[in-house]
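*Asks:* got a predicted structure here, sequence first:
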Amino acid sequence: MSETWVTETVHGEVVKGGEIQSLINGKEVTFDIKQLRDKIPPHCLHGSLPRSLAYVFRDLAMFAALLMAVIWLEPKLDTLTSRCLRYLVYPFLAGLPLTGLWVIGHECGHGGFSTYSAANNTVGFLLHSALLTPYFAWRSSHGRHHQYANNMSTDLNYVPFTRDEYEDSAHGTASRDHMTEDAPAMVVVRIIIQQVIGWPWYLLTHITAGPESSPRKSKGWWDNSHFLPSSSLFRESEGVNILASDLGIACMCGLLYVAGTSFGFQSLLWGYVLPWMWVNHWIVMVTYLHHTSPDLPKFKAESWTYLRGALATVDRDPGFVLRHMLHHIIDLHVVHHLFPRIPHYHYHEATEAIKPLLGNLYHSDKQNYWRALWEAFTQCQWVEPIPAKTRQARPDHSTKDAEGVYRTEKDMSDEDGVLWYRGGRMPQPVTVMRGS
């Protein structure tokens with residue numbers, strides 16, 4: 001069988017990789033990004049402003065209803081129940097529509113909210129600023145993540161260690177008791193740290209990005225911030241937009257201060273801060289699990305193409321509530337990486353349209369979403385090529401690598417530059433961007 005990946009066509013030109021073929025229903029089929037796009041009904045490719053706004057109002061109404069329900073219920077409850085409602089139940093529930101609003105803001109940044117760029121940027125700026133996200137800065141860096149997804153050099157999100165980097169990090173953990181370091185309790189602590197501070201720390205430091213992901217050479221860890229107009233992350237022409245993002249967040253912080261002085265900072269804590277922390281959690285978990293799986297490859301620059309990178313993404317099933325509250329950003333993410341302008345309410349139709357052409361290049365995972373987080377955190381520490389000598393044949397024509405992971409023939413390609421996740425001892429936490 002010939003190479004089991006696909007070639008990319010941009011503006012009618014084949015970009016990289018030659019003719020790539022895949023076995024679909026026993027037949028070898030060739031396709032490119034244009035053929036995938038042609039399979040999608042034309043109405044799916046454009047957002048509707050009224051329909052998109054309806055989802056904004058839906059999420060706002062749900063958040064307001066939850067807040068008013070707590071204010072109404074609280075005087076009727078005993079102290080313990082009231083505290084549980086305010087500090088545990090309400091923040092979790094309120095975090096869902098707030099995350100939905102964040103996802104819509106992210107959709108605005110891709111131009112999928114509507115066909116009007118002014119409407120996209122206005123709504124996106126307001127939603128993201130309200131959730132303390134720098135809209136224009138995030139739009140810039142996230143757009144480049146889509147452009148270079150799963151490229152080990154230039155991707156901007158969750159670029160894993162190579163073998164050498166992992167071994168260098170392991171030297172730092174050698175002095176610690178590895179039994180304690182990899183104990184389940186310690187894994188839970190590391191997961192909590194990632195989920196709680198991972199998003200703001202990424203915005204401040206550009207952590208987990210590839211070493212060549214910035215348009216300008218980094219001067220140091222302080223030079224990789226989404227809040228700094230002169231940051232290495234942005235071109236000089238983007239400075240005004242970055243200042244606008246900062247101004248939006250500053251205005252929101254001012255409003256929060258006024259709310260705290262008016263209603264009490266304790267009310268501000270449970271009414272906004274704790275739900276906002278749940279938003280941070282969902283952002284990190286969703287983006288991490290999109291591209292981190294033992295079944296997904298990463299690519300060195302010489303083997304990467306846009307289509308390869310986009311297809312090294314997995315659709316996961318988080319359950320009915322998260323599917324709908326987070327606007328299908330989890331369960332229908334592959335099509336979003338292929339065509340970022342498609343609005344979320346067309347994801348399902350677009351996905352079903354291209355799945356027959358994608359065949360076994362479409363990745364989905366139906367396991368429990370929280371179990372998937374544990375699997376990714378414990379089995380995806382670093383990446384390397386999988387040499388042919390590690391394979392062991394199995395009757396159903398898939399193979400088993402040296403660490404006991406079954407893979408299909410397509411996954412076990414010996415092509416240079418295709419890398420696969422490996423497990424092992426947890427490395428030291430990374431605190432700065434590579435190359436800083």
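*Replies:* Perfect, I can see it now.

*Asks:* could you measure from the closest residue to His327 other than its chain neighbours over to Val196?
*Replies:* Distance criterion Cβ to Cβ, 6 or more residues apart in numbering; nearest residue to His327, sequence neighbours excluded, is His344 at 4.1 Å. Where you see a C-beta, it was placed from the backbone N, CA and C, and this is true even at glycine. Distance, His344 to Val196, by Cβ to Cβ, to the nearest Å: 26 Å.

*Asks:* more crowded one of those two?
*Replies:* A count of neighbours by other Cβ atoms under 10 Å puts His344 above the other of His344 and Val196, at 22 against 14.

*Asks:* mind checking how far the more buried one is from His324?
*Replies:* Look at His344 and His324: by Cβ to Cβ, they are 10 Å apart.

*Asks:* residues near the spatially closest residue to Arg139 that is not a sequence neighbour, how many?
*Replies:* Nearest non-adjacent residue to Arg139, counting by Cβ to Cβ, 6+ apart: Gly109, 3.7 Å away. Gly109 has 22 neighbours, counted by other Cβ under 10 Å.

*Asks:* likewise Gln147?
*Replies:* When neighbours are defined as other Cβ under 10 Å, Gln147 has 15 of them.

*Asks:* likewise for Leu156?
*Replies:* 25.

*Asks:* next one: phi and psi at it?
*Replies:* Backbone torsions for Leu156, taken as degrees, to the nearest 10, come to phi -110, psi 0.

*Asks:* three-state assignment of Leu228?
*Replies:* What DSSP: H, G, I helix; E, B strand; the rest coil gives for Leu228 is coil.

*Asks:* who does the helix or strand containing His336 touch, helix- and strand-wise?
*Replies:* Element membership for His336 (DSSP states H and E) is helix 333-338. Counting contacts by 3 or more Cβ pairs under 8 Å, 6 or more residues apart in numbering; DSSP states H and E, helix 333-338 packs against helix 306-311, strand 314-316, helix 347-358.

*Asks:* which one of these lies nearest to Trp222?
*Replies:* Closest of the helices and strands packed on helix 333-338 to Trp222 is helix 306-311, at 29.4 Å (criterion: Cβ to Cβ).

*Asks:* just how off-centre is that closest one within its chain?
*Replies:* 15 Å (Cα atoms, centre = their mean, to the nearest Å).

*Asks:* using PDB, write down the CA coordinates of that helix.
*Replies:* Extracted C-alpha coordinates of helix 306-311, given in PDB (Å, rounded to 0.1, in the frame of the first residue of the first chain):
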ATOM      1  CA  TYR A 306      -1.700  21.500   6.400                       C
ATOM      2  CA  LEU A 307      -3.900  18.600   5.800                       C
ATOM      3  CA  ARG A 308      -1.800  16.100   7.700                       C
ATOM      4  CA  GLY A 309      -1.700  18.400  10.700                       C
ATOM      5  CA  ALA A 310      -5.500  19.100  10.600                       C
ATOM      6  CA  LEU A 311      -6.300  15.300  10.400                       C
END
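
*Asks:* can you read off the pLDDT for Arg216?
*Replies:* Here the pLDDT value assigned to Arg216 is 89.

*Asks:* kindly report the same for the one 4 residues further on.
*Replies:* The score at Gly220 is 84. That number is its pLDDT.

*Asks:* show the contacting residues for Tyr158.
*Replies:* By Cβ atoms under 8 Å, 6 or more residues apart in numbering, the contact set of Tyr158 is Thr208, Thr287, Tyr288, His291, Thr292.

*Asks:* could you measure from it over to Arg190?
*Replies:* In terms of Cβ to Cβ, Tyr158 sits 15 Å off from Arg190.

*Asks:* what's the answer for Phe263, then?
*Replies:* Counting by Cβ to Cβ, the separation of Phe263 from Arg190 is 36 Å.

*Asks:* among those two, which residue is more densely surrounded?
*Replies:* A side-by-side neighbour count of Phe263 and Arg190, using other Cβ under 10 Å, places Arg190 first with 16 against 11.

*Asks:* am I right that the more buried one sits in a strand?
*Replies:* No: Arg190 is assigned helix when assessed by three-state DSSP, not a strand.

*Asks:* and the gap between it and Pro429?
*Replies:* Relative to Pro429, and taking Cβ to Cβ, Arg190 is found at 7 Å.

*Asks:* re the thing from before, and the helices and strands packed on helix 333-338 as CSV, adding distance to Thr81?
*Replies:* Formatted as CSV, those follow (distance: least, Cβ to Cβ, whole Å):
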stretch, distance to Thr81
helix 306-311, 48
strand 314-316, 34
helix 347-358, 39
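
*Asks:* out of the ones you listed, which is the most enclosed?
*Replies:* helix 306-311 (a mean of 23; mean count of other Cβ atoms under 10 Å).

*Asks:* what is it packed up against?
*Replies:* Under the contact definition 3+ Cβ pairs under 8 Å, 6+ apart, helix 306-311 sits against helix 333-338.

*Asks:* in this protein, which strand is the longest?
*Replies:* In the chain, taking DSSP state E as the definition, the longest strand is strand 418-422.

*Asks:* OK, contacts around the residue lying closest to Ser364 once chain neighbours are set aside?
*Replies:* Leaving aside its sequence neighbours, Ser364 sits nearest to Asp315 (Cβ to Cβ, 6+ apart; 4.4 Å). Going by Cβ under 8 Å, 6+ apart, Asp315 touches Ile330, Asp331, Leu332, His333, Val334, Thr351, Tyr362, His363, Ser364, Asp365.

*Asks:* quick one: buried ones out of those?
*Replies:* Neighbour counting with 16 or more other Cβ atoms under 10 Å marks Ile330, Asp331, Leu332, His333, Val334, Thr351, Tyr362, His363, Asp365 as buried within these.

*Asks:* point to the residue nearest the middle of the chain.
*Replies:* The centroid of the chain falls nearest to Thr287 when counting by Cα atoms, centre = their mean (1.8 Å).

*Asks:* relative to Tyr202, how far out is the nearest residue to that one once chain neighbours are set aside?
*Replies:* Once flanking residues are discounted, Thr287 sits nearest to Asn157: 5.8 Å by Cβ to Cβ, 6+ apart. To Tyr202, Asn157 is 8 Å away according to Cβ to Cβ.

*Asks:* return every residue with contacts to both of the two.
*Replies:* The contact sets of Asn157 and Tyr202 overlap at Thr208 (Cβ under 8 Å, 6+ apart).

*Asks:* which element is the residue nearest to Thr287 on?
*Replies:* Residue-wise, Asn157 maps onto no helix or strand under DSSP H and E.

*Asks:* got a pLDDT number for it?
*Replies:* 91.

*Asks:* is it true that it touches Arg144?
*Replies:* No: Asn157 is beyond contact range of Arg144, at 9.8 Å (criterion: Cβ atoms under 8 Å).

*Asks:* of those two, who's got more company?
*Replies:* Counted by other Cβ under 10 Å, Asn157 and Arg144 do not tie: Asn157 has more neighbours, with 24 against 19.
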